[in-house]
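In: Predicted model and sequence below, questions to follow.
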Amino acid sequence: MNIRIFLAGIGLLLTPTFGQARPLPAPDYSAQEVEKGRYLAVAGDCAACHNAPKETGGAMMAGGYPIVSPLGSIYSTNITPSRRYGIGAYSEGEFARALRDGIRRDGASLYPAMPYTAYAGLSDADVHNLYAYFMSAVKPVEKAAPQTSLPFPFNIRASMRAWNALFLNSKPVKQIAGHDAQWNRGKYLVDTLGHCSTCHSPRGFLMQEKSNSALSGGPLGAWYAPNITSDQISGIGGWSRQEIAQYLSTGRVAGKAQAAGDMAEAVTHSFSQMNKADIDAMAAYIATVPAVREPGDTRPAYSWGKAVNSEAAIRGSSTALEGARLYSGVCAACHGRNGDGAPDGVIPSLYHNSTIGASRTHNLIAVILHGVDRTVGGHHVLMPGFGEGSFVQSLTDRQVASLATYLRHSFGPGDDVSEAEVSVARAQSSTSILLLLARTGLVIAALLIFGLAIWRLRRRKEKFS
Ligand code: HEC
Ligand code: HEC
Ligand code: HEC
């Protein structure tokens, strides 16, 4: 028998069992490298997407979290050091390429559902520590995550190459002269692992983040990630650095805002577990992000105070009147008859509350539908949602609209919220950052095909003319 075929045969016989039973012996990483890597994985919130869904056991980094889109699901992959099902066979260089360039070990492009556009700026040292952590401290899970299979043309991963060529900047974040070490550290964390801009930056025609208006706000399905530039009116220029830091590490600043939706998840799984020095650094940088003013804004979202007279607030609006009645029945038990909240701050006041005073009504509608769910330091903050399947009471679109209208009249800019707005919000998924990212890939593939079709058509016309 030909010796090569013989060896290949043995190889084939051995690979599956070999790969399954024994991960390659990890090179010796120091406890310090591994601990740094663990911390960076928390800062980058890898677990949010890569842990298996709870229903399938929730194994750490085992993948299988579905990002549902109308065209099918994109699944996060197994990134445990299993050689067969995970990233055990990745070299450090290949791991770096996946994180910074969005390229898989086999050379295929990743969908931007993996936020490599943010991780692109990671330093070599941090990639090294992350690698050390994944290879030596994450338990290998010998189970395949479900395969992503989108229909044509969305399965053309190569279309991401064109987009990457246009928009991906995978150079490590540079130190900016003229700013101190704390500010530079903050910028590095915000731009890379914190991936704030993934949610908070507006996007252009091709779903790319608009760098000239960075962090000035972006829609996230039912939620809206607000303007967090230093603008005094449209942004958070009126917040102190301490308040920004407190918001990131606890999700709550009395008299300003609370974190719900995607922000609550980021606070729970990532920011609340970061050390004080890093949080302070991020706050120091965020406080200096160039101001972006939105036309039409007249005062900061958190600044709307208590209505002088709630009768005046609802006068002339039958919707607000209906909302006032609902409020007494459904919300007042917790938030108080006059929206004062609880004195210990566990239940926020509804005045001086950015959710109600914001120019956009997204977050007010979303919080009524989906509630608040955040855990910080073992302490669970919970407001029930009042959407479908609520364990308290399911409100109709009309009821949510009249409640929101009542609140806007009493504690906010005084405009009406329509039933149509609520029905649009209800149709959106509650956690939608992933959906947004998934769409990026889909939009690009669709455009590519569209472009190709036009090009063909032109060529055909040329031929016949
Ligand atoms: C917002 C969700 C999200 C976050 C956060 C995230 N990932 Fe991913 N990641 C994904 C998805 C989805 C894929 C698969 C994409 C695809 O199939 O194209 C992926 C793929 C990968 C891959 C390629 C593995 C392979 O061979 O398929 C690596 C490596 C990876 N992620 C590492 C990380 C690390 C390390 C972190 C944290 C620093 C992280 N990811 C954070 C969603 C995420
Ligand atoms: C996964 C998406 C996501 C990421 C990542 C994210 N945010 Fe947010 N953020 C949101 C959403 C959504 C809200 C609105 C929450 C609400 O109203 O309850 C928000 C609210 C905020 C607010 C309150 C603003 C106000 O006026 O009420 C601040 C401040 C903030 N985020 C800062 C940050 C910073 C700094 C980072 C990065 C370190 C970050 N966020 C990362 C989605 C995100
Ligand atoms: C069981 C008590 C409870 C009930 C009932 C309740 N809330 Fe809340 N509400 C809370 C808690 C707790 C928070 C979050 C506090 C925090 O984030 O620190 C909250 C937060 C809010 C916020 C701020 C959310 C944000 O993202 O900033 C708004 C607005 C709000 N509630 C409105 C309502 C309305 C309207 C109703 C009635 C439909 C209602 N609440 C019913 C307990 C309750």
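Out: Looks like it arrived, so ask away. Ligands and ions are numbered 1, 2, ... in the order given.

In: what element comes up after the worst-scoring helix or strand of the chain on mean pLDDT heading to the C-terminus?
Out: Within the chain, no helix or strand scores below helix 3-21, which has a mean of 39 by mean pLDDT, DSSP states H and E. Following helix 3-21 in sequence order, the next helix or strand is helix 31-43 (DSSP states H and E).

In: list the helices and strands that next one packs on?
Out: Contacts defined by 3 or more Cβ pairs under 8 Å, 6 or more residues apart in numbering; DSSP states H and E place helix 31-43 against helix 124-137. From N, CA and C alone the C-beta is placed, and that goes for glycine too.

In: average pLDDT for the helix it packs on?
Out: Averaging pLDDT along helix 124-137 gives 97.

In: For it, buried residues please.
Out: Residues of helix 124-137 classed as buried by neighbour count (16 or more other Cβ atoms under 10 Å): Asp126, Val127, His128, Asn129, Leu130, Tyr131, Ala132, Tyr133, Phe134, Met135, Ser136, Ala137.

In: repeat for stretch 412-428
Out: The neighbour-count check on stretch 412-428 (16+ other Cβ under 10 Å) flags Gly412, Pro413, Asp416, Val417, Ser418, Glu421, Val422, Ala425, Arg426, Gln428 as buried.

In: Can you list the neighbours in contact with that stretch?
Out: 221-222, 304, 313, 317, 319-320, 356-359, 361-362, 364-366, 369, 387-388, 397-398, 400-401, 404-405, 408 (Cβ atoms under 8 Å, 6 or more residues apart in numbering).

In: Can you get me a residue count around the closest residue to Ser270 other than its chain neighbours?
Out: Nearest residue to Ser270, sequence neighbours excluded (Cβ to Cβ, 6 or more residues apart in numbering): Asp45, at 4.1 Å. Applying other Cβ atoms under 10 Å, we find 20 residues neighbouring Asp45.

In: From ligand 1, how far off is Asp45?
Out: 5 Å (Cβ to the nearest ligand atom, to the nearest Å).

In: where does that residue land on pLDDT?
Out: 94.

In: any idea how far Ser82 is from whichever residue of the stretch 251-400 of the chain sits closest to ligand 1?
Out: Closest to ligand 1 within the stretch 251-400 of the chain is Ser270: 8.9 Å, counting by Cβ to the nearest ligand atom. Distance check for Ser270 against Ser82: by Cβ to Cβ, to the nearest Å, it reads 25 Å.

In: can you pull the pLDDT of Gln428?
Out: Gln428 carries a pLDDT score of 81 in this model.

In: Against ligand 3, how distant is it?
Out: Distance from Gln428 to ligand 3, by Cβ to the nearest ligand atom: 16 Å.

In: mind starting the numbering at 312 from now?
Out: Understood, numbering begins at 312; the last thing we discussed is Gln739.

In: do stretch 701-710 and ligand 3 meet?
Out: No - if you take Cβ under 6 Å from any ligand atom as the test, stretch 701-710 misses ligand 3, and the best it gets is 6.7 Å.
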